[in-house]
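**Q** Sequence plus the predicted model coming up.
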Amino acid sequence: MKISKATNAFLSDISTNRSPSTVTIHRNNLAVFMRWLGDKDVTEVNRETLNEFIVYLREKHIPFRFATTKRKGPLSGSAIHNYWKTMRVFFAFCSDVLRLVDHPEANLKYPKYQLPEVQAFKSEEIKKILHHAEYGVDTNGRVRKLPSGVRNKAIVMVLFDTGLRLGELCRLTVTDFNQETGDLLVAPHGSGQKTKPRTVFVGRETRRAIWAWFAKRSDYSPEDSLFNLSPKHIRHIIWEIGRRAGVPNCHPHKFRHTFGIEFLRGGGDSFTLQKILGHSTLDMTSHYVHVLEADIRRSQAQTSIMDRINKGKLTKD
């Protein structure tokens, strides 16, 4: 069976229990694999072939990127890891379901990489984002309230207050929002491997922003989408807000990072943060803890009694 035909069967199979974004990632990754290798028979692929593909991705592949990103150069380590995962699940399907090959990916070398440091918005950047979500400058140079400002402000406030993933935000419905308590129900999606069922909470100001958005909508039913926007649309909205605000690297996941770090800085614990963010393990949550530990080190370095008395800066009685 050709790789293209096996790919169609694989994508149809996972579409029943995986999110649309996951299916899209696997489809795109397999398309790159076929452009590199050709549409050969699945039985012609072995472990050496897959290792060569990983080397190609690391050294020669030039990825397509949207105009909203400034990143240049080769794939990141995390992106290569995503390809590795695609190869693993695709050829496992070819072996276990299609009975075509004997797991050529079973011993595929794990592409180790260093996770990038978690980056969060600074307090001044948060203020700018909130302002420019609602206001823009017209052709005459005057600051005006945007027609979509009420909706956009509600979106960024929900992201700041909850740390939701972009896909989770887009899947929220009107009935998922409890207008009295500020609870947002995050329902499991697909297999539930990534989006864990949980309830997150928004504060008073964010609740008011959502109410203002409801007031702008002429009519809606409980089953309607809360914001009625696709992930691509929201990603572009946030990029545009960042451009107007002069805030670099403004993307949805950075709101999640900001929430995680500020939650810990505010006295929250890592176990509660794990549940709020929907992490399966503490491994991902630990990255936020490391940022907090760096804060503590810097703070303690500035308040060291020995260093301050050596510099003559110790407070006098």
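**A** Right, received. Where do you want to start?
**Q** does Cys250 sit in a helix, a strand or a coil?
**A** coil (DSSP: H, G, I helix; E, B strand; the rest coil).
**Q** so what's the spatially most central residue of the chain up against?
**A** When the chain is reduced to its mean C-alpha position, the nearest residue by Cα atoms, centre = their mean turns out to be His253, at 4.0 Å. Shown in contact with His253 (Cβ atoms under 8 Å, 6 or more residues apart in numbering): 165-166. (C-beta placed from N, C-alpha, C; glycine too.)
**Q** how does it look with 10 Å?
**A** The neighbours of His253, taking Cβ atoms under 10 Å, 6 or more residues apart in numbering as the test, are 118-119, 159, 163, 165-166, 235.
**Q** Repeat that for Lys275.
**A** Shown in contact with Lys275 (Cβ under 10 Å, 6+ apart): 196, 198-200, 285.
**Q** Could you check how far it is from Val200?
**A** Lys275 is 9 Å from Val200, where distance means Cβ to Cβ, to the nearest Å.
**Q** go on, Asp13?
**A** Relative to Val200, Asp13 is positioned 31 Å away (criterion: Cβ to Cβ).
**Q** Pick out whichever of these two has more residues nearby.
**A** The neighbour comparison of Asp13 against Val200 (other Cβ atoms under 10 Å) goes to Val200, with 20 against 13.
**Q** Show the contacting residues for the closest residue to that one other than its chain neighbours.
**A** Across the structure, with Cβ to Cβ, 6 or more residues apart in numbering as the measure, the residue nearest Val200 apart from its sequence neighbours is Thr162 (4.3 Å). Residues counted as contacts of Thr162 (Cβ under 10 Å, 6+ apart) are 168-169, 172, 184, 186, 200-203, 206, 255-256, 259, 276-277.
**Q** Inside helices: which ones of those residues?
**A** 168-169, 206, 255-256, 259, 276-277 (DSSP state H).
**Q** Strands of this protein, residue ranges please.
**A** When assigned using DSSP state E, the strands of the chain occupy the ranges 135-137, 143-145, 183-186, 198-201.
**Q** buried residues in the last one?
**A** For strand 198-201, the buried set under the neighbour-count rule, 16 or more other Cβ atoms under 10 Å, comprises Val200.
**Q** mind saving the C-alpha coords of it as CSV?
**A** Included here for strand 198-201 are C-alpha records, laid out as CSV according to Å, rounded to 0.1, in the frame of the first residue of the first chain:
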residue,chain,number,x,y,z
ARG,A,198,-12.0,20.9,34.3
THR,A,199,-13.5,24.1,35.5
VAL,A,200,-11.5,27.4,35.4
PHE,A,201,-12.5,30.7,36.9
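**Q** Phe201 is in contact with Val186, isn't it?
**A** No: at 11.2 Å, Phe201 does not count as touching Val186 under the criterion of Cβ atoms under 10 Å.
**Q** which residues do the two both contact?
**A** What both Phe201 and Val186 touch, as defined by Cβ under 10 Å, 6+ apart, is the set 162, 276.
**Q** Check Ala106 and give its pLDDT.
**A** Here, the pLDDT recorded for Ala106 equals 59.
**Q** Would you mark the buried spots in stretch 7-27?
**A** Across stretch 7-27, burial judged by 16+ other Cβ under 10 Å covers 7, 10-11, 14, 18-19, 22-23, 25-27.
**Q** correction: stretch 25-36
**A** Of the residues in stretch 25-36, those scored as buried under the neighbour-count criterion (16+ other Cβ under 10 Å) are 25-27, 29-30, 32-33.
**Q** any idea which of the residues you listed is the one closest to Ala92?
**A** Comparing the buried residues of stretch 25-36 against Ala92 with Cβ to Cβ places His26 closest, at 12.2 Å.
**Q** give the contact list for the closest one.
**A** Neighbour list for His26: 7, 10-11, 14-15, 18, 82-83, 85-87, 89-90 [criterion: Cβ under 10 Å, 6+ apart].
**Q** and which of those residues is nearest to Lys311?
**A** When the contacts of His26 are compared for distance to Lys311 (Cβ to Cβ), Asn82 wins out at 49.1 Å.
**Q** I'd assumed Pro63 was in contact with that closest one.
**A** No: taking Cβ under 10 Å as the contact criterion, Asn82 and Pro63 are not neighbours in contact, 11.3 Å apart.
**Q** Mutual contacts of these two, please.
**A** Between them, Asn82 and Pro63 have 28, 57, 75-76 as joint contacts when contacts are counted by Cβ under 10 Å, 6+ apart.
**Q** I'd like the residues you listed laid out as a markdown table, including distance to Leu50.
**A** Written out in a markdown table, the entries for the shared contacts of Asn82 and Pro63 read as follows (distance: Cβ to Cβ, whole Å):
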| residue | distance to Leu50 |
| --- | --- |
| Asn28 | 17 |
| Leu57 | 11 |
| Leu75 | 16 |
| Ser76 | 19 |
